[in-house]
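Colleague: okay, predicted coordinates and the sequence, questions at the end:
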Amino acid sequence: MCGISGFLGPNNLSPKRDTILKTLELMKNRGKDDSGTFEYNINDKFKINLNHTRLSIIDPRPNSSQPFNDEESSIVFNGMIYNYIEIRKKLLKKKIKFYTNSDTEVLLKFLNYYGPEKLYELDGMWSFAYLNFKKKKIILSRDRFGEKPLYYNIDKNSLVFGSCLNYIQSLRQKKFQLNYNKFENYLKFGFRTLNNENESFFKNIYSLDPGKYISIDKNFKIKEHKFWSPESVFVNKKLNFNNEIKKLNNLYKNIIKMRLRSDFPLSCLLSGGIDSSSMISSANKITTRKIKCFSIKAKDLNYDEEKYIKKTINKNKINHEFVNVKKNTFKNLRHLKNIISQTSSLVPTSTWFIFSILCKEIKNQNFKVVLSGTGGDEIFAGYYIHHLHFLYSIRKTKLFKEKFDEWEKYIKPRLRNKFLKDYNFYEEEVERNKDVMFHDFMTMKKYFKTFKINKSKKIKQYFNDFFKNNLFKDLIYYSLPPQITAIDNISLYHGLESRAPFLSKHLFEKSFSYPSNFLIHSGYGKYIFRKSLKNVVDKEVLNNRDKIGFFMNINNIFDLNNKKFQKLLFSNNFINSLINKKKLKNLLKKKNISTQECHFIFAILNIIFFIKKYG
């Protein structure tokens, strides 16, 4: 887990030594264990600069530091290749020599031998820049789920890239204009809009799409390539449910086993849900390594999972600690401001603020790796809205009445959002062909002076099945991307590597090959995954239909009626031009603030701090 940046272009535009050193200082927020830089002249007029800061997890010895070079190539790499041991064995059979035990050297030798054409064989999370000396060719790549960030700017036949937006600003030695349209969408439509296009918060800085790589030759000819085709997965209606339970159980255990590879102690986030419970329960059966779990001490009964957390603790006899979030308005504001300032990114909701509190405590106890259940809901259909997607996909079949009755009995009573309770309204929204997540912003219109819904960019239909296609949208466009961006930035801000075992190509291919009723059945989401965990996870945890969620009300973090807090909230002219100030002031007086309203207030704070720092 590291920070990377670099420049590619004419010599006269290349960053000076002082600029590179200042950039490396900025990059320490993603790795304080080591740093390095490397320059190479492609020809008389063309130069490449590669920069790296290291958070060492695999083979922490100095000879595994980066930029990592051999006689053929150089690489700067951020992430973890989980199947590096298996790839190393294959390359050893081809008489390739290794001098370290790092996954970085394995990736370098893999690219030397196969080139980028076989990137699909990698199981991991990554962003990297690879230079081949012989071919005079540069490759920039990002993993299939976009766990590791990679931004770039192209100007005057030169390209600058980095893990964070401020690295690019630093290497370019210029301030980029802010992308106010992106801020407005975030404020109005919520955090799910943050990553569904490759635009960043700065104009002319873009994010490389997940599952792709860019090749650049010595003449600065740029080509974009795709190494992952998720639409190639087809639903297999002939699968036997009971046989698939066994296969899924074995597959998941192997995935967890690979994610436990580390030269440092491991920690794990634990909620009362299936995803995190399955991780630690499975890990306990696989390894003798002691993994400590951390949970937030809930203050809201609606989000209190302590009962289920304790079920998992007792069943597995694990070392565990509850962490308290203290309500301290100005200390918490400083914490939020510092994260935004150093990462040049946002903390999308209060959920990710309390994730930061957890990370701070985990790091204080000298851990360097933390496992999270992120992605389980998107892979196995764990959100309540997925039941609506499923119903819509079977609306013209004989099954609909039976499944609708199950939804009314088991799911509808658990819904807090009134729009999700109304299936007919949901169907009308689908018929209007909106790509936005309507239920998140319907209740928020009143807080804005005007609320025009801009026609969104048409998203490609990857799967013919409506349910699977919307599950995939959550995975690639709406739900998952802002989560993993926040996890990556915040964990590294605290000096931690975050791993999400559910973000495995093998789990994706398995889940998306299932008939839909393997995932949604009898009023349960994640149905087959639940069944595969019998005798692994506590029975009461497995049978719990409640989707409680990892959340804390903003009232438990800040004093909303504090005069200085309110002064800050109304201090930005851009935000004041959009919101209805009277309605917002009334909101701050409410005793029961909804989840969407919490997200709204938190979004305002994020935008204020970002514009103050980078505007």
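Modeller: Received the coordinates, thanks. None of these values were measured; they are calculated from a predicted model. Numbers count the residues shown, from 1 in each chain.

Colleague: ok, residue 560 - contacts?
Modeller: Residue 560 makes contacts with 554, 566, 588, 593, 601, as judged by C-beta atoms under 8 Å, 6 or more residues apart in numbering. Placement of C-beta: from N, CA and C, glycine included.

Colleague: give me the element it is part of.
Modeller: Using DSSP states H and E, residue 560 sits in no helix or strand.

Colleague: thinking residue 410 is in contact with residue 523, fair?
Modeller: Yes: applying C-beta atoms under 8 Å, one finds residue 410 in contact with residue 523, separated by 2.9 Å.

Colleague: which residues are in contact with both of those two?
Modeller: Common neighbours of residue 410 and residue 523 (criterion: C-beta under 8 Å, 6+ apart): residue 545.

Colleague: please confirm that residue 225 is located within a strand.
Modeller: Yes: secondary structure of residue 225 (DSSP: H, G, I helix; E, B strand; the rest coil): part of a strand.

Colleague: count the neighbours of the closest residue to it other than its chain neighbours for me.
Modeller: Leaving aside its chain neighbours, residue 225 sits nearest to residue 213 (5.3 Å; criterion: C-beta to C-beta, 6 or more residues apart in numbering). By the measure other C-beta atoms under 10 Å, the count of residues near residue 213 is 21.

Colleague: hey, C-alpha coordinates of the helix or strand where residue 213 lies in CSV?
Modeller: Taking DSSP H and E as the criterion, residue 213 maps to strand 212-216. Output of strand 212-216 as CSV, limited to C-alpha atoms (Å, rounded to 0.1, in the frame of the first residue of the first chain):
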residue,chain,number,x,y,z
LYS,A,212,-8.2,-0.8,-17.9
TYR,A,213,-4.6,0.2,-18.8
ILE,A,214,-3.0,2.9,-20.8
SER,A,215,0.0,2.3,-23.1
ILE,A,216,2.2,5.2,-24.1
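
Colleague: which helices and strands does it pack with?
Modeller: strand 137-142, strand 222-226 (3 or more C-beta pairs under 8 Å, 6 or more residues apart in numbering; DSSP states H and E).

Colleague: the more surrounded of residue 410 and residue 523?
Modeller: The residue with more neighbours, out of residue 410 and residue 523, is residue 523; 18 against 14, by other C-beta under 10 Å.

Colleague: wait, the more buried one touches residue 409, no?
Modeller: Yes: using C-beta under 8 Å, residue 523 is in contact with residue 409, at 6.5 Å.

Colleague: tell me the contacts of residue 239?
Modeller: Residue 239 neighbours (C-beta under 8 Å, 6+ apart): 513, 514, 515, 518.

Colleague: among the residues you listed, which one lies nearest to residue 414?
Modeller: Among the contacts of residue 239, residue 518 lies closest to residue 414 (C-beta to C-beta), at 21.7 Å.

Colleague: quick check: closest non-adjacent residue to that closest one.
Modeller: residue 528 (4.5 Å).

Colleague: what number of residues lie near that neighbour?
Modeller: The number of residues packed near residue 528 is 24, by other C-beta under 10 Å.

Colleague: SS state for it?
Modeller: helix.

Colleague: OK, contacts around it?
Modeller: With contact taken as C-beta under 8 Å, 6+ apart, residue 528 is in contact with 241, 244, 245, 248, 380, 514, 518, 519.

Colleague: do you know how far residue 103 is from residue 80?
Modeller: To residue 80, residue 103 is 6 Å away according to C-beta to C-beta, to the nearest Å.

Colleague: meant to ask about residue 232
Modeller: From residue 232 to residue 80 the distance is 25 Å (C-beta to C-beta).

Colleague: which one's more surrounded, these two?
Modeller: Neighbours were counted for residue 232 and for residue 80 using other C-beta under 10 Å; residue 80 has more, 25 against 9.

Colleague: hey, what's that one bridged with?
Modeller: Residue 80 has these beta-bridge partners by DSSP bridges: residue 125.
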